[in-house]
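> Using only what follows, build the 3D model:
(2 chains)
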Amino acid sequence: GESVGLHLPTLSVQEGDNSIINCAYSNSASDYFIWYKQESGKGPQFIIDIRSNMDKRQGQRVTVLLNKTVKHLSLQIAATQPGDSAVYFCADHFQGGKLIFGQGTELSVKP
Amino acid sequence: EAQVTQNPRYLITVTGKKLTVTCSQNMNHEYMSWYRQDPGLGLRQIYYLMNVEVTDKGDVPEGYKVSRKEKRNFPLILESPSPNQTSLYFCASSFTGTGKDDTEAFFGQGTRLTVV
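Down below sits the predicted model:
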């Protein structure tokens, strides 16, 4: 079946360091992979996506890497700030609007 | 301001009493969907809908109904709620069909439902 998993439920980093959040997926039929950020008491917020035929995409302070050979996705956050503290979800996006979310990694940033 | 609005934010109800959670979006999005979020299980899609009157089931559709008589509204209906439907619910919308930012889903603030 389809599933999206994350390697670590929690991640703690020092302010200013880079953060790497990992995700594994099982289904190869998706057209996009997407990262969402969820702050406490709020709905998920789109961060960045990557088309399934790409290997890398960069945004503001974030980079997503896609390794289709091992079905692995990662989100790199440069110079992590306290405002980056949240739960991060990867999601498998299928044409038509179906989304399958991973279980989330809680990122804590230590000052 | 572009947004997805859910109501109510909090709801406590009794088993078997029909309830509706409303969702409205002002972005002219084609896709709308409902999710539930439970500890340890993440976000699971209940229903997603590409267009008015075209609905696809997500991962956990049992016990839920949706309707979309007009493009902006997508209510979630629990005909006979049970305690196992106690959860945090999110509505989301996406896709303008213009090719720009079409994968970005906008989520509402959530509805915390408790069924006793």
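
> From the structure, what's the count of residues near residue 85?
Looking at chain A here, since you left the chain open. 18 (other CB atoms under 10 Å in any protein chain shown). For the C-beta atoms, the positions are set from N, CA and C on the backbone; glycine is no exception.

> could you do chain B instead?
When neighbours are defined as other CB under 10 Å, B:Gln85 has 20 of them.

> How about it, nearest residue that isn't a chain neighbour?
B:Val115 (5.5 Å; CB to CB, 6 or more residues apart in numbering or on different chains).

> Tell me, how many residues neighbour the residue nearest to A:Lys71 when sequence neighbours are not counted?
Of all residues not flanking A:Lys71 in the chain, A:Tyr25 sits nearest, at 5.2 Å (CB to CB, 6+ apart). A:Tyr25 has 22 neighbouring residues, counting by other CB under 10 Å.

> got it, and A:Gly104?
Using other CB under 10 Å, A:Gly104 is surrounded by 24 other residues.

> for it, what are its contacts?
A:6, A:9, A:38, A:87-89, B:42 (CB atoms under 8 Å, 6 or more residues apart in numbering or on different chains).

> again with B:Val66
B:Val66 neighbours (CB under 8 Å, 6+ apart): B:34, B:46-47, B:49, B:55, B:74-77.

> what about residue 27, helix or strand, and which?
Chain wasn't specified; assuming chain A. A:Asn27 belongs to no helix or strand when assigned by DSSP states H and E.

> Hmm, no, I was thinking of chain B.
Going by DSSP H and E, B:Met27 is not in any helix or strand.
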